[in-house]
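> I'll drop the sequence and a predicted model, then ask my questions.
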Amino acid sequence: MRLSLIFIYTCLLSCLGHALLAQENISAKQREQIDLSFLFGYYTQEGNHSAVTGGEGTEKLSDYDSRIIVHIPLDSNQSLGAHVGINHYTSASSDKIDSRISSASSDDTRSTIELSYQKNKPEKNSSISLYSGGAVETDYISSSFGGGWDKSSESENSFYGFDFRAYFDTWNIILPEELRATDYGNIKTDKRRTFNLSNYFSQVLNKRSQIHLTLDFIAQQGLLSTPFHRVYFTEIPGARIEQLPSFRIKIPLSLRWNHRLLEKLILRNWARVYWDNWGIASFTWEFESPVLLPKGWSLSPLYRFHIQSAAKYFAPKSKHTISSTYYTSDFDLSNLNSHRFGLALRYALPLRLSKGKFTLSRFEIRAMRYLRSDGLHAYLAAFSIACKI
């Protein structure tokens, strides 16, 4: 896994290096600026429904996330992009996979990379994109590829496009310690495949309003359960590992509506309905209302509401029957609702920081509180900064 990660980083640096060399051969007047974005996030949660210990037990977790996004114009119609992410987490629930306190399972680091290429065709008002990436964690390695196409109208008031992405994951199977010498951990595959087709359409309604519609079709096949999630039954003592179907279809449909209500007040609404063949149906509504302040500043109250039905394979601890083919006590698949609210402070005016080309284009700070009906609660904080060089 480490060799794969090194290979991905080498490919990234090689591509960026060639792009930068190509830009050095372009005169300063012709060269377009490179966009750089840095994102840092912190998330911490508490709860008492850990799937690792069968639906009861601590869910305490902390996650530190950092990302770098680079966009490099090669010329007026072509560009390269790179998205690099590293997040490190510590998890009290994962530490219960075995009886060793503060074992290797108590924390982990996930590294992700995605490279992209985009070519615009101004004569057709369209563009094509290609993607390739990978991710590495202790218990799995993933690779992905994809592509997309989009087209705008002559007036640029309407826009349609689609993206297709395929993910190929391989798991390093980790079982609860008491089940490692039994046949209860018999797993037929360590592979998972995910295929995502996303269709999107946007339309300018008038000078103040715009809508954006997205329809996704997602198909997954392979190991869709988590091998170290325990499940307890009504009839027998002891645990078995979570069992879920090897095929899943997800269909989310979302609508975004942005409207400038007043000169200094913008309304941003996002709503999504979701269905899958495991029995989950959900509705999500998200609201953000930036209030424009002087000198490029804005302050935004944030709110998100989510409600969902339970998967047909879910039951709390010790409520499953041994005759069931599939079973889980993961409360992420339960009947629940949640609320997330907070504030965002944003600055979005170009700010030249030196005599050179370096320009700060945006920075933002977000702080949020998350509450879920099963008792899980969390805090989120995020900081992002964008610049041009």
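Cool, got the structure.

> where exactly do the strands run in the stretch 251-389 of the chain?
For the stretch 251-389 of the chain, the strands defined by DSSP state E, counting those that start in this stretch cover 265-276, 281-288, 291-292, 297-308, 336-347, 351-352, 359-372, 377-388.

> residues touching the third one, excluding its own?
Right, strand 291-292. 263, 264, 265, 266, 298, 299, 300 (Cβ atoms under 8 Å, 6 or more residues apart in numbering). No exception for glycine: its C-beta is placed from N, CA and C like everyone else's.

> can you redo those residues as a markdown table with neighbour count?
Conversion of the contacts of strand 291-292 to a markdown table gives the following (neighbours: other Cβ atoms under 10 Å):
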| residue | neighbour count |
| --- | --- |
| 263 | 7 |
| 264 | 12 |
| 265 | 13 |
| 266 | 18 |
| 298 | 18 |
| 299 | 13 |
| 300 | 19 |
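
> in stretch 192-202, what's buried?
192, 194, 196, 198, 200, 202 (16 or more other Cβ atoms under 10 Å).

> now swap in stretch 235-253 and tell me
For stretch 235-253, the buried set under the neighbour-count rule, 16+ other Cβ under 10 Å, comprises 239, 240, 241, 242, 243, 244, 246, 248, 250, 252.

> ok, back up a step: same list, the strands of the stretch 251-389 of the chain, but as JSON lines with distance to residue 183 and mean pLDDT please.
Below are these laid out as JSON lines (distance: least, Cβ to Cβ, whole Å; pLDDT from 0 to 100):
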{"stretch": "strand 265-276", "distance to residue 183": "30", "mean pLDDT": "96"}
{"stretch": "strand 281-288", "distance to residue 183": "35", "mean pLDDT": "97"}
{"stretch": "strand 291-292", "distance to residue 183": "61", "mean pLDDT": "92"}
{"stretch": "strand 297-308", "distance to residue 183": "34", "mean pLDDT": "97"}
{"stretch": "strand 336-347", "distance to residue 183": "33", "mean pLDDT": "97"}
{"stretch": "strand 351-352", "distance to residue 183": "64", "mean pLDDT": "71"}
{"stretch": "strand 359-372", "distance to residue 183": "36", "mean pLDDT": "94"}
{"stretch": "strand 377-388", "distance to residue 183": "38", "mean pLDDT": "95"}
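
> phi and psi next, for residue 35.
phi -90, psi 130 (degrees, to the nearest 10).

> I would like the residues contacting the helix or strand hosting residue 220, please.
Here residue 220, judged by DSSP states H and E, is contained in strand 209-222. For strand 209-222, the surrounding residues in contact (Cβ under 8 Å, 6+ apart) are 169, 189, 191-205, 246-260.

> ok, that strand: who's next to it in the sheet?
Sheet pairing of strand 209-222 (DSSP bridges) gives strand 191-204 (antiparallel), strand 247-262 (antiparallel).

> which positions within it qualify as buried?
Buried-residue list, strand 209-222, by 16+ other Cβ under 10 Å: 210, 214, 216, 218, 220, 222.

> now do the contacts for residue 288.
Contacts of residue 288 by Cβ under 8 Å, 6+ apart are 268, 300, 301, 302, 303, 344.

> if we use 7 Å, what do you get?
Taking Cβ atoms under 7 Å, 6 or more residues apart in numbering as the contact definition, residue 288 lies against 268, 300, 302.

> which among those gets closest to residue 95?
Of all those, residue 95 sits closest to residue 302, with 32.0 Å by Cβ to Cβ.

> and the angle from the helix or strand hosting residue 63 to strand 377-388?
In this structure, residue 63 is located in strand 61-73 according to DSSP H and E. Angle of strand 61-73 versus strand 377-388, following axes from the mean of the first three to the mean of the last three Cα atoms, to 10 degrees, is 20 degrees.

> please flag which of the buried residues of stretch 235-253 sit within strands.
239, 240, 241, 248, 250, 252 (DSSP state E).

> in terms of pLDDT, where does residue 99 sit?
Per-residue pLDDT puts residue 99 at 68.
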